[in-house]
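Asks: Give me a 3D structure for the following:
(chains A and B)
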Amino acid sequence: GAVVSQHPSRVICKSGTSVKIECRSLDFQATTMFWYRQFPKKSLMLMATSNEGSKATYEQGVEKDKFLINHASLTLSTLTVTSAHPEDSSFYICSARPLASDTNTGELFFGEGSRLTVL
Amino acid sequence: QKEVEQNSGPLSVPEGAIASLNCTYSDRGSQSFFWYRQYSGKSPELIMFIYSNGDKEDGRFTAQLNKASQYVSLLIRDSQPSDSATYLCAVFASGGFKTIFGAGTRLFVKA
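Replies: Predicted structure coming up:
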């Protein structure tokens, strides 16, 4: 199956710093990637849809200046948590939809997730 | 009304039994249906997908789809303790371009 790599898997940072998380599709191209966050024992919450070559689409209630998304190529999307605070501590997960199935199946492949802890 | 609904559980079954996980969805335009498994602290992994009404079997897993009732289910035969996880139902409608996830059902398989 398609592989999505997410890095780093764990990061601990001080309050006020910025953290960048990378999401790469290793063996396929993806015009669309999705970013989620998940609190312990809670469901996935879609934060934004990352579109290659254009601005990301954010879900209601998600601050676009707080969570910067860049999708510069067909295989890489990044999420930057700016001026992180303890309440931003969470499990962040990306997913990608293969280019070939962009318009038909909706199948998603997930990265391994990144656990952010803000002290 | 939530777009994709699942019973949060926990659903507890003994080892070797059949686990039945259910999901309903609200968008009649939905065309693709997925079941993901998520272990604690890990990201979701795709188990099965189904597009057509009826049953689809893959090993110990069977997905069932009834578009008229807007209902999709996952059966796990011969349940194993390693099947203990949260199972996410996901629905895709091409018009919306997003895959919508249910909140997940927690399954415990008791040895």
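
Asks: Check the offset of the lowest-mean-pLDDT helix or strand in chain B from the chain's centre.
Replies: Every helix and strand of chain B was ranked by mean pLDDT, DSSP states H and E. The lowest is strand B:99-101, at a mean of 88. A distance of 12 Å separates the centroid of the chain from that of strand B:99-101, by Cα atoms, centre = their mean, to the nearest Å.

Asks: Bridge partners for the residue nearest the centre of chain A, pull those for me.
Replies: In chain A, the residue lying closest to the centroid (Cα atoms, centre = their mean) is A:Trp35, at 3.3 Å. With DSSP bridges as the criterion, A:Trp35 is bridged to A:Ala48, A:Cys94.

Asks: before we move on, the earlier item: only the buried residues of the helix or strand just after the least confident helix or strand of chain B, if you could.
Replies: The helix or strand immediately downstream of strand B:99-101 is strand B:105-110, counting by DSSP states H and E. Within strand B:105-110, the residues scored as buried using 16 or more other Cβ atoms under 10 Å in any protein chain shown are B:105-109. To be clear about C-beta, it is placed using only N, CA and C from the backbone, and glycine gets the same treatment.

Asks: OK, contacts around the residue nearest to the centre of chain A?
Replies: Shown in contact with A:Trp35 (Cβ atoms under 8 Å, 6 or more residues apart in numbering or on different chains): A:23, A:46-48, A:50, A:67, A:69, A:77, A:79, A:92-94.

Asks: Check B:Tyr51 too.
Replies: B:Tyr51 sits in contact with A:105, B:31-33, B:65, where contact means Cβ under 8 Å, 6+ apart.

Asks: go on, A:Ser25?
Replies: A:2-5, A:33, A:74-76, A:96, A:98, A:109.

Asks: just those that are near chain B?
Replies: A:Phe109 (Cβ under 8 Å from any Cβ of the partner chain).

Asks: now the angle between strand B:105-110 and the helix or strand B:Trp35 falls within, please.
Replies: Using DSSP H and E, B:Trp35 maps to strand B:32-38. Interaxial angle, strand B:32-38 versus strand B:105-110 (axes from the mean of the first three to the mean of the last three Cα atoms, to 10 degrees): 50 degrees.

Asks: since we're on the residue in chain B that chain A sits nearest to, how many residues are nearby?
Replies: Residue nearest to chain A within chain B (Cβ to the nearest Cβ): B:Phe92, separated by 2.5 Å. Neighbours of B:Phe92 under the rule other Cβ atoms under 10 Å in any protein chain shown: 26.
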